[in-house]
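J.: What follows is a predicted structure for the sequence shown.
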Amino acid sequence: MITLQIKRLHKSFGSKMILRDLSLEYSGDPLGISGANGSGKSTLLKCMGGLLSPTRGNIVWTDESEPLTKEQLRHRLGYAAPYINLYDELSCLENLHFLSAVRNPQDKASQPVEEWIRKTGLRAVSDQPYGNLSTGQQQRLRLAAALFHQPDILLLDEPGSNLDEAGKSLIIDISQRFQDNPSKLLIIASNNPEELDLCGRIFSVEEHTFT
Ligand SMILES: Nc1ncnc2c1ncn2[C@@H]1O[C@H](COP(=O)(O)OP(=O)(O)OP(=O)(O)O)[C@@H](O)[C@H]1O
């Protein structure tokens, strides 16, 4: 079972403190991170995913009580967010093939990237450059890029943004898969109630409380 432990996390940008003395321990059902615009949801997710270093405090991911190293976390983590971009000039398929080549050989669980192009409904545009896709299609490819290596930990920041109904069903499907698999953990940062409804528990980044 994957567990996230955050102890006394502080995160500042210059003199601006965004996260102050935040602690939590969590494993189990998908976890939602809620909070108003600018409250620090993305900052918290970036710290969880190793994109940002805490100013103070620490974040430890464990599997069956064994702490994951940075390298293990990199291989077992998927992360999709509006600020994680792919290569504009590469096609959908080329982007995924590139990521697959960078990730292998450690990621034995990786599924063929073509399968993820199909699952995310991008077959018709698979040869189009990422930069030429619509914002919703780009979001679908970001999801495919976060998922093809079958991560045990999945961090999604506002996953439904710009997605149509079929795209939103994809998010529901993804959350269901994580819900059904106790050895995996999904965390969704969002202020969209529909997305937070997909989560078993919700952590307020403002109140530091679970509901
Ligand atoms: N690199 C940075 N440098 C300076 N300030 C930053 C940086 N990144 C984020 N911030 C500030 O931190 C605060 C929290 O931003 P963050 O993106 O984490 O909020 P959020 O809760 O995800 O917001 P939203 O709901 O609008 O996406 C904001 O005031 C933002 O301006």
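T.: Done, it's in. Numbers count the residues shown, from 1 in each chain.
J.: which one is Leu141 nearest to, not counting chain neighbours?
T.: Cys92 (5.3 Å; C-beta to C-beta, 6 or more residues apart in numbering). Every C-beta, even on glycine, is put in place using the N, C-alpha and C of the backbone.
J.: Isn't that neighbour up against Gly131?
T.: No. If you go by C-beta atoms under 8 Å, Cys92 and Gly131 don't touch, sitting 11.0 Å apart.
J.: More neighbours: those two, which one.
T.: A side-by-side neighbour count of Cys92 and Gly131, using other C-beta atoms under 10 Å, places Cys92 first with 27 against 12.
J.: For that one, give me its contacts.
T.: Listed by C-beta atoms under 8 Å, 6 or more residues apart in numbering, the contact set of Cys92 reads 117, 122, 125-128, 130, 133, 141, 144.
J.: 7 Å instead?
T.: By C-beta atoms under 7 Å, 6 or more residues apart in numbering, the contact set of Cys92 is 117, 122, 125-126, 128, 130, 141.
J.: Name only those of those that count as buried.
T.: Buried residues within these, counting neighbours by 16 or more other C-beta atoms under 10 Å: 117, 122, 125-126, 130, 141.
J.: Which strand residues bridge Leu9?
T.: Leu22 (DSSP bridges).
J.: Next, count neighbours for it.
T.: Residues within reach of Leu9, counting by other C-beta under 10 Å, total 21.
J.: Is it in contact with Leu22, as I believe?
T.: Yes. Leu9 is within contact range of Leu22, at 4.5 Å (criterion: C-beta atoms under 7 Å).
J.: The protein: helices as residue ranges?
T.: 41-49, 70-76, 92-103, 113-119, 135-147, 165-179, 193-196 (DSSP state H).
J.: excluding its backbone neighbours, what's nearest the most centrally placed residue in the chain?
T.: What sits nearest the mean C-alpha location of the chain, by C-alpha atoms, centre = their mean, is Leu155, with 2.0 Å. Among residues not flanking Leu155 along the chain, Tyr79 sits closest, at 4.6 Å (C-beta to C-beta, 6+ apart).
J.: sorry, back to before: just put the contacts of Cys92 in a markdown table and tack on distance to the ligand.
T.: Shown next, in a markdown table, are the contacts of Cys92 (distance: C-beta to the nearest ligand atom, whole Å):
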| residue | distance to the ligand |
| --- | --- |
| Ile117 | 28 |
| Leu122 | 25 |
| Val125 | 27 |
| Ser126 | 30 |
| Gln128 | 28 |
| Tyr130 | 22 |
| Leu141 | 21 |
